[in-house]
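Visitor: Curious how this folds, go ahead:
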Amino acid sequence: MGKIERCKMWLQSHEDLFRDLVRIYLGAGLFVKSIYLMSHRDYLMQVISDSGTSWLAPAGAAQYVITAHLVGGALLMAGLATRLAAWIQLPILLGAVFYVYMPHMATVEPRQYFEFTALVAFLLFWIGVFGAGRWSVDYLISRKREPVAATPAVAH
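Guide: Residues are numbered from 1 along each chain as shown. You can find the predicted model right below:
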């Protein structure tokens, strides 16, 4: 068996490790993004105002975005309430894709924000569906809840 085949088999047998790495990376990224947005709140308010969603209270939306990214990012990193943390993040990312970046698709400007935001939204959906892997608090909690198989009593 060649090196490539061994590597392929190892990767297939450790799929959940990669799911955990993606989850931790996304959580860290969202957590850092929330700290950036806290430091640059005026930028966030401007983005929300420029998105054309005048029916939305920009201050309330900014507070939701910062809180969801801060708490949700920390939960994703730890793997605690992973699916809930991913689903709470998803409306923010979809809002950014459809209301902030997509209206500017026809103009000539750097578009990497659109692609990156869409990728993060897709990965959050993926984590929301499949949950955390073995290296998460959710996994540890679920293992502790599993009933231990009772051994039959030996009659004397």
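Visitor: elements contacting the longest helix along the chain?
Guide: When the chain is scanned for its longest helix (criterion: DSSP state H), the result is helix 15-39. Other elements packing on helix 15-39 under the criterion 3 or more Cβ pairs under 8 Å, 6 or more residues apart in numbering; DSSP states H and E are helix 58-78, helix 82-95, helix 112-130. From N, CA and C alone the C-beta is placed, and that goes for glycine too.
Visitor: got the angle for the lowest-mean-pLDDT helix or strand in the chain vs helix 82-95?
Guide: When each helix and strand of the chain is scored by mean pLDDT, DSSP states H and E, helix 41-50 comes last, with a mean of 83. In terms of direction (axes from the mean of the first three to the mean of the last three Cα atoms, to 10 degrees), helix 41-50 departs from helix 82-95 by 60 degrees.
Visitor: Just checking the distance from helix 41-50 to the centre of its chain.
Guide: With Cα atoms, centre = their mean, to the nearest Å as the basis, helix 41-50 stands 22 Å off its chain's centre.
Visitor: and what of stretch 72-88?
Guide: 7 Å.
Visitor: same deal with stretch 27-35?
Guide: Remark: stretch 27-35 is offset 10 Å from the chain centroid, using Cα atoms, centre = their mean.
Visitor: swap in stretch 47-67?
Guide: 20 Å.
Visitor: So what touches that stretch?
Guide: Stretch 47-67 is contacted from outside by 34, 37, 38, 41, 44, 45, 92, 95, 99, 100, 103, using Cβ atoms under 8 Å, 6 or more residues apart in numbering.
Visitor: what about the last one, how many residues close to it?
Guide: Counted with other Cβ atoms under 10 Å, residues neighbouring residue 103 total 12.
Visitor: Which of the three states applies to it?
Guide: Under the three-state scheme (DSSP: H, G, I helix; E, B strand; the rest coil), residue 103 adopts helix.
Visitor: Farthest-apart pair in the contacts of stretch 47-67, please.
Guide: 38 and 103 (25.9 Å; Cβ to Cβ).
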